[in-house]
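> can you look at this prediction? I've put the sequence above it.
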Amino acid sequence: LNHWLCQNSITLGELQMDGPRACKVQEFDEVISLINMVFREGSDQDIVSDYPLVFNRPMADYMRIVKVDGKVVSHVPVAPREIVAENDRFIVGIISPTVTHPAYRHRGYGSLCLRDCVKIMENQNWPLSALWTQEATFPFYQNSGWEVVGCQGWMYWLDSSDTNLFLNNNVYEISMYDKNNPQHIQNIIGIHDDESHRVYRSISDYQTLFSLPKITTYIASSDGKFAAYITLGKGSNKPGIIEAGGDVKALECLINHVLVENDTSIIQLLTPLTKTKLGMLMDSKKPEAKQPIERAQGVGFQMMRVNSLIGLLKRMAGQLQKKSGMISGSVCITCEDNGETVSINIKDGLLEISPERTSNEVVLSRRQLTSLIFGNHEIVKSPAIKGKAGLLLKSLFPIYFPIWELDHS
């Protein structure tokens, strides 16, 4: 039925349904109005300016809609972003704000759009999908194969009393990022592209993200040489210190500056789980304040979906090779949802991934695969895998890669 619905406009009683399908350019403004009505009502923010890499007319084919009686009633977008994890690279399809008009909910329209996004990812060979949401919507996404994963980063609260923790030694000149100064963005690119784990950004992506509304970036220089940057958000979707990089001492001065400039505010500071200069600084200054990033405002819980098991594992082979160490052995993993099988063989320090079905097979659901590969959230039971297969998989997984808060959409 769902396949038939996806290919046709149908009449249900007196209601005519069209979709799920791509949003047409002439329907773009109507979709945006629906999203803003649900997610930005009473706010001075707009979904287009908040997430310009997702919501723009050239991306309309990735915005899937359902219309009823000629009106857009449901919409789900998917946007490709390239993950860089040391030497590994792969595409993750990010599901952005999912919306159904309040008068048309609980009829399956949102699920149809979501599953149409899955078809896009499968056709484009994007092996993985990610999104951020609240606990109340877990079941909606779980029904289509997504699963909530473990902690994705750290959050610290800062206030004016912390100013003395972060010293300004007057070595660095602090100024605001100027989008009209090409050297500023090139310096930021140079620092962030040195991060071993990140989302790939084109120059255009950088320019767009660092020009978002309610975002201010401060830069620190010494003797005319760029040393560090820090980005502060004041919007409901990206509040707090959401990204930083560069010299640790310069970062300390930048945090001091932000606290002084915002002396009446409590500010949250976010860091990924991977080793960063900002994380090292916070661990040295306020280690007792570290909390899971999911407790931060505007972040949400990360849910993920393994679209292609072999596609994902082959593209993460470098990370798996690194974790395999001195292990030897083999295991066969089968996804019970679609029958996809992948065998992992480690011998003499070499790791091989193949689609062959071998012995020592472990059968898991798509959601269990997500928990295995990326770590389970506390409300989700970790798959219990016994014997040699369990030991080998425990050595390889979970694997983590950060999607920086500035890249969330």
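Received the coordinates, thanks. Numbering: from 1, shown residues only.
> what segments of the chain are helices?
Under the criterion DSSP state H, the chain carries helices at the ranges 2-7, 28-39, 47-50, 109-124, 138-142, 182-192, 203-209, 248-261, 277-285, 309-315, 317-324, 366-374, 387-396.
> most tightly surrounded among these?
Among the helices of the chain, helix 366-374 has the highest mean neighbour count (mean count of other C-beta atoms under 10 Å), at a mean of 23. In short, each C-beta sits where N, CA and C put it, glycine included.
> how far is that helix from where the chain is centred?
Here helix 366-374 is found 16 Å from its chain centre; the criterion is C-alpha atoms, centre = their mean, to the nearest Å.
> which other helices and strands does that helix contact?
strand 147-148, strand 301-306, strand 329-335 (3 or more C-beta pairs under 8 Å, 6 or more residues apart in numbering; DSSP states H and E).
> for this protein, which spans come out with low pLDDT?
1-14 (pLDDT under 70).
> which strand in it runs the most residues?
As assigned by DSSP state E, the longest strand anywhere in the chain is strand 71-85.
> for it, list the C-alpha coordinates in PDB.
Provided in PDB are the C-alpha atoms of strand 71-85 (Å, rounded to 0.1, in the frame of the first residue of the first chain):
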ATOM      1  CA  LYS A  71      -2.600  21.900   0.500                       C
ATOM      2  CA  VAL A  72       0.800  20.900   1.900                       C
ATOM      3  CA  VAL A  73       0.000  19.000   5.200                       C
ATOM      4  CA  SER A  74       3.300  17.100   5.800                       C
ATOM      5  CA  HIS A  75       6.900  17.600   5.100                       C
ATOM      6  CA  VAL A  76      10.300  15.800   5.800                       C
ATOM      7  CA  PRO A  77      13.600  17.000   4.300                       C
ATOM      8  CA  VAL A  78      16.900  15.100   4.000                       C
ATOM      9  CA  ALA A  79      20.200  16.700   3.400                       C
ATOM     10  CA  PRO A  80      23.600  15.000   2.600                       C
ATOM     11  CA  ARG A  81      26.600  16.000   4.600                       C
ATOM     12  CA  GLU A  82      30.100  14.400   4.300                       C
ATOM     13  CA  ILE A  83      31.600  13.000   7.500                       C
ATOM     14  CA  VAL A  84      35.400  13.200   7.900                       C
ATOM     15  CA  ALA A  85      36.700  10.700  10.500                       C
END
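> how about it: buried residues?
72-79, 81, 83-85 (16 or more other C-beta atoms under 10 Å).
> quick one: which of these is nearest residue 149?
residue 83 (14.4 Å; C-beta to C-beta).
> now do the same contact list for the closest one.
89-92, 128, 199-200, 401, 403 (C-beta atoms under 8 Å, 6 or more residues apart in numbering).
> if I look at it, how far off is residue 364?
22 Å (C-beta to C-beta, to the nearest Å).
> before we move on, back to that, TSV please, covering the contacts of residue 83 and showing distance to residue 219 and neighbour count.
Below are the contacts of residue 83 laid out as TSV (distance: C-beta to C-beta, whole Å; neighbours: other C-beta atoms under 10 Å):
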residue	distance to residue 219	neighbour count
89	28	13
90	32	20
91	31	20
92	29	24
128	34	24
199	21	21
200	22	13
401	27	24
403	24	21
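> out of these, the closest to residue 98 would be?
So of the contacts of residue 83, ranked by how close each gets to residue 98 (C-beta to C-beta), first place is residue 92, at 16.6 Å.
> give me every residue that touches that closest one.
80-83, 126, 128-130, 403 are the contacts of residue 92 under C-beta under 8 Å, 6+ apart.
> please name the nearest non-neighbouring residue to it.
What sits nearest to residue 92 in space, not counting adjacent residues and going by C-beta to C-beta, 6 or more residues apart in numbering, is residue 128, at 4.7 Å.
> sorry, back to before: among the helices and strands packed on helix 366-374, which is nearest residue 137?
strand 301-306 (8.9 Å).
> that older thread, can you redo the helices and strands packed on helix 366-374 as a markdown table, where the extra columns are mean neighbour count and distance to residue 234?
Output for these, formatted as a markdown table (neighbours: other C-beta atoms under 10 Å; distance: least, C-beta to C-beta, whole Å):
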| stretch | mean neighbour count | distance to residue 234 |
| --- | --- | --- |
| strand 147-148 | 24 | 28 |
| strand 301-306 | 24 | 23 |
| strand 329-335 | 19 | 43 |
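> please name whichever of these is nearest to residue 102.
Nearest to residue 102, of the helices and strands packed on helix 366-374 and by C-beta to C-beta, is strand 301-306 at 22.9 Å.
> pairing partners for the closest one, with directions?
Strands that pair with strand 301-306, judged by DSSP bridges, come out as strand 128-133 (antiparallel), strand 147-148 (antiparallel).
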